[in-house]
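**Student:** Need coordinates for the below:
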Amino acid sequence: MPDVSRRAGSGIGMRHGNEPHPPQPPLWKLAAFIIVIALALCALLVRLIFVQIADGPMYAEKARANQIRLIPILAPRGRIYDRNGIVLVRSRPSFVCVLIPSEVRDVASTLRTLSDIVNVPQAVLQRRLLHHNGVEFKDFEQVELYEPYGPIILASDLSAAQTARLAEAQTHLPGVDLQAEPVRNYPYDSFGAHMFGYVGQITEEEYRKRKRQGYTSNDVVGKDGIEARYDHYLRGVPGGEQVEVDAQGQLVRRLGQLESVPGDSLTLSIDWRLQVLAETALRTHIADIFKQRRRHISGGVVILDPHTGGVLALASYPSFNPNDFAAGIKESIYASYLNDPLEPLYDRAIAAATATGSSFKMVTGSAAISSGVITPDQVLYDSGAWNCHGQLFRDIAARGLGSTDFVRALAASSDGYFYQLGDRLGHERLRYYAEQYGLGHTLGIDIPGEYPGNWPTEQWVQETFGKGYHLEPSDVCQLAIGQGAMQATPLQMANIAATVVNGGILFRPHLASFVTNPAGRIVKRFGPEIIRRVPVTQISLRQVRAGMAKVTDPGGTAYGLAIPGIPFGGKTGTVETDGGNGPNTTWFVAYAPIEHPTIAMAVFMERSGGYGADTAAPVAHDIIAGYFANSIPSPTPSAAAP
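**Tutor:** Residues are numbered from 1 along each chain as shown. Presented below is the predicted three-dimensional model:
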């Protein structure tokens, strides 16, 4: 028996009848679990009902919105006006042939037929289809994948005959559409071109940078000038045709047209009468120089309101026609602009920088009097030469005035007198005043492309010519008369003249005055902005103005150019080129009238030959005479829709 009891006591899984059962979970925990599950299911059910009933219309609307596409049509860009309300830039209606890739059945056949209708080679249409907006597509399938609704412009600015033929054949060409599209129009052709700039199709890079601002891949945008600087105001909001597509992107139905919103309009500080006169005078005298000297030259004119910094006229020659770019420039025309040695796309008014010759003496003179190195009526002896730190400089033109005061020396443009002023000022002080007047830095005019000019320093000399070269002490005498390595633009020189006229306030030149929305309400104003007050004394400025006022008197460098009844002040400048072996570059700065001046200007004639008095000054003379005598040749706007 003992064996049996041991086997029974050690048997695995065997339990005596009176041993306790494992503990069971309390009923309240089970009930709580069931309640939680039930509540979660109820919450899901309530949310589902809420989504289906309360939010259902909203989600349905979002779903439909995801299926709606806009085939865009450009908005008319805003107009550009002069200060008197004259329309300078506008948009005109034009018809274009566009392709909607997702609707095309046979692209080869379509392009072949279109080629005959619009009289454009099929290869050209194919290139436009595969290469547009700065993107190169491999084939039509790739175009259809990435731009299913386009529209892709294949032919622009269609003639009346082309438009009629395309309208007649359109029903047999699925995916081909005839759209009315605004095209930028410059009614005065090349007049004002550098100021306005031009427009063109947005590139891939431009679109990538601006798409978050609402730009589309088919937009036309400003590329230069006012058009570029104020594009965000001028561009408008595109409209177009709204279509509904299915999940595969296929057209389901057309929903109708979404009207575009025209761009805001921009009013400039420009006086168009004065602008036309400036450009006409510049072109006329450049043509005369060609007849006399058989030399093609270039030039620029800038005219400012001396009391606000507003640009009244800005001209550069040679110019270009911005209408050439409006509907896509032809390769041959673009090549002619690029290959022209006079570079017509280059805005000399704000970017051409050379030494200025004696027109810089405005700065040297006011600096010398203000710093006390001479008195306002200082008499110095001008022998026609000056030994400046061991370097003998001669005044070839004046040949010495003998004992002379400041006003006479400035009117006669005595180099001998101003060599001495430069010597007394020294490099540091002369550079200080030159920079205070804005040289060596951009002024911040509101169009792209401005050049800062240059004022030489020791660092600049070594970086430009290499170690071992230095800014010599004698260089200051050359710089004091506007020669040597200093450089200024016509814009900078006009602004210096304006600063002398207004009592020493250096304004930031600007073109924009105010922006109006399509309803005509002013939404933005651009007021005068002061860069700084130049630290020169009022007596120094009065003396400079007094010397400039005598420029047309006997003994003045512009004697013979006086205008009866319209007294004006000015300063000539002549600069040698190619070490004295090339044709001179000539300058003339001016203000008018002498009492209460309303304009300040700079005329720049690049490599014109001659002197400032006989080459640049006559341009200013004609501008002043025409403007204040109220007689002006007025070009007729080219025929286009108003």
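**Student:** Low-confidence stretches in the stretch 251-400 of the chain?
**Tutor:** Regions of the stretch 251-400 of the chain meeting the criterion pLDDT under 70 cover residues 251-257, 396-398.
**Student:** repeat that for 90
**Tutor:** 251-261, 295, 327-331, 395-400 (pLDDT under 90).
**Student:** Could you pull out the helices in it for me?
**Tutor:** Counting by DSSP state H, counting those that start in this stretch, the stretch 251-400 of the chain has helices at residues 272-293, 323-326, 331-339, 348-351, 361-371.
**Student:** any chance of the ones you listed in a markdown table, with distance to A385 and mean neighbour count too?
**Tutor:** Every C-beta, even on glycine, is put in place using the N, C-alpha and C of the backbone. Putting the helices of the stretch 251-400 of the chain into a markdown table (distance: least, CB to CB, whole Å; neighbours: other CB atoms under 10 Å) gives the following:
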| stretch | distance to A385 | mean neighbour count |
| --- | --- | --- |
| helix 272-293 | 30 | 19 |
| helix 323-326 | 53 | 22 |
| helix 331-339 | 46 | 11 |
| helix 348-351 | 34 | 26 |
| helix 361-371 | 17 | 26 |
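**Student:** Would you format those as JSON lines with distance to G225 included?
**Tutor:** What follows is the helices of the stretch 251-400 of the chain, written out as JSON lines (distance: least, CB to CB, whole Å):
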{"stretch": "helix 272-293", "distance to G225": "14"}
{"stretch": "helix 323-326", "distance to G225": "11"}
{"stretch": "helix 331-339", "distance to G225": "15"}
{"stretch": "helix 348-351", "distance to G225": "10"}
{"stretch": "helix 361-371", "distance to G225": "29"}
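**Student:** now the helices for the stretch 1-150 of the chain?
**Tutor:** Using DSSP H, counting those that start in this stretch, helices in the stretch 1-150 of the chain cover 2-9, 27-49, 56-66, 107-118, 122-130, 140-146.
**Student:** Give me the residues contacting the shortest one.
**Tutor:** Read it as helix 140-146. Helix 140-146 is contacted by residues 101-102, 104, 107, 129-130, 137, 152 when judged by CB atoms under 8 Å, 6 or more residues apart in numbering.
**Student:** Just list the residues touching the residue nearest to F514 when sequence neighbours are not counted, thanks.
**Tutor:** Spatial nearest neighbour of F514, excluding adjacent residues (CB to CB, 6 or more residues apart in numbering): R525 at 4.6 Å. Contacts for R525 (CB under 8 Å, 6+ apart) come out as 513-515.
**Student:** which of these count as buried?
**Tutor:** 513-515 (16 or more other CB atoms under 10 Å).
**Student:** Okay, and which of the residues you listed map to strands?
**Tutor:** If you go by DSSP state E, the buried ones among the contacts of R525 have 513-515 in strands.
**Student:** How is the chain partitioned into domains?
**Tutor:** 69-268, 272-628 (automatic domain parsing).
**Student:** before we move on, the earlier item: now that we have the contacts of helix 140-146, can you turn them into TSV and tack on pLDDT, distance to Y437 and neighbour count?
**Tutor:** Below are those laid out as TSV (pLDDT from 0 to 100; distance: CB to CB, whole Å; neighbours: other CB atoms under 10 Å):
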residue	pLDDT	distance to Y437	neighbour count
P101	85	58	21
S102	83	61	20
V104	85	63	21
V107	86	63	18
L129	85	55	22
L130	84	54	16
F137	83	53	17
I152	82	52	21
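**Student:** before we move on, back to that, any chance of the contacts of R525 in a markdown table with distance to G310 as columns?
**Tutor:** Shown next, in a markdown table, are these (distance: CB to CB, whole Å):
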| residue | distance to G310 |
| --- | --- |
| S513 | 7 |
| F514 | 12 |
| V515 | 15 |
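**Student:** which one of the residues you listed is nearest T404?
**Tutor:** Set against T404, the nearest of the contacts of R525 by CB to CB is S513 (44.3 Å).
**Student:** The closest one reaches T308, doesn't it?
**Tutor:** No - using CB atoms under 8 Å, S513 is not in contact with T308, being 9.5 Å away.
**Student:** anything in contact with each of these two?
**Tutor:** S269.
**Student:** Quick one: the strands in the stretch 201-350 of the chain, in order.
**Tutor:** 220-222, 239-245, 251-258, 265-268, 298-304, 311-317 (DSSP state E, counting those that start in this stretch).
**Student:** if you average pLDDT over each of the helices of the stretch 1-150 of the chain, which comes out lowest?
**Tutor:** Note on those: lowest mean pLDDT is at helix 2-9, with a mean of 41.
**Student:** if we can go back for a sec, give me the phi and psi for the residue nearest to F514.
**Tutor:** Note on R525: its backbone torsions stand at phi -120, psi 150 [degrees, to the nearest 10].
**Student:** Going by length in residues, pull out the top strand of the chain.
**Tutor:** strand 87-99.
**Student:** then that one to PDB, C-alphas only?
**Tutor:** The C-alpha trace of strand 87-99 is given here as PDB (Å, rounded to 0.1, in the frame of the first residue of the first chain):
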ATOM      1  CA  VAL A  87      -1.100 106.200 -71.200                       C
ATOM      2  CA  LEU A  88       2.500 105.000 -71.800                       C
ATOM      3  CA  VAL A  89       2.000 101.200 -71.700                       C
ATOM      4  CA  ARG A  90      -1.200  99.200 -72.200                       C
ATOM      5  CA  SER A  91      -2.500  95.800 -73.300                       C
ATOM      6  CA  ARG A  92      -4.200  95.100 -76.600                       C
ATOM      7  CA  PRO A  93      -6.400  92.100 -77.600                       C
ATOM      8  CA  SER A  94      -4.800  89.300 -79.600                       C
ATOM      9  CA  PHE A  95      -5.700  85.800 -80.700                       C
ATOM     10  CA  VAL A  96      -3.500  82.800 -80.000                       C
ATOM     11  CA  CYS A  97      -3.700  79.100 -81.000                       C
ATOM     12  CA  VAL A  98      -3.300  76.800 -78.000                       C
ATOM     13  CA  LEU A  99      -3.300  73.100 -77.500                       C
END
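**Student:** Tell me the strands beside it, with direction?
**Tutor:** strand 80-81 (antiparallel), strand 152-155 (antiparallel), strand 176-185 (antiparallel) (DSSP bridges).
**Student:** buried set for that strand?
**Tutor:** Neighbour count says strand 87-99 has 87-92, 94-99 buried, by 16+ other CB under 10 Å.
**Student:** Export the residues you listed as CSV, with columns for distance to V379 and pLDDT.
**Tutor:** Shown next, in CSV, are these (distance: CB to CB, whole Å; pLDDT from 0 to 100):
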residue, distance to V379, pLDDT
V87, 56, 97
L88, 51, 98
V89, 55, 98
R90, 59, 96
S91, 63, 93
R92, 65, 90
S94, 69, 83
F95, 75, 83
V96, 73, 82
C97, 78, 86
V98, 77, 85
L99, 80, 84
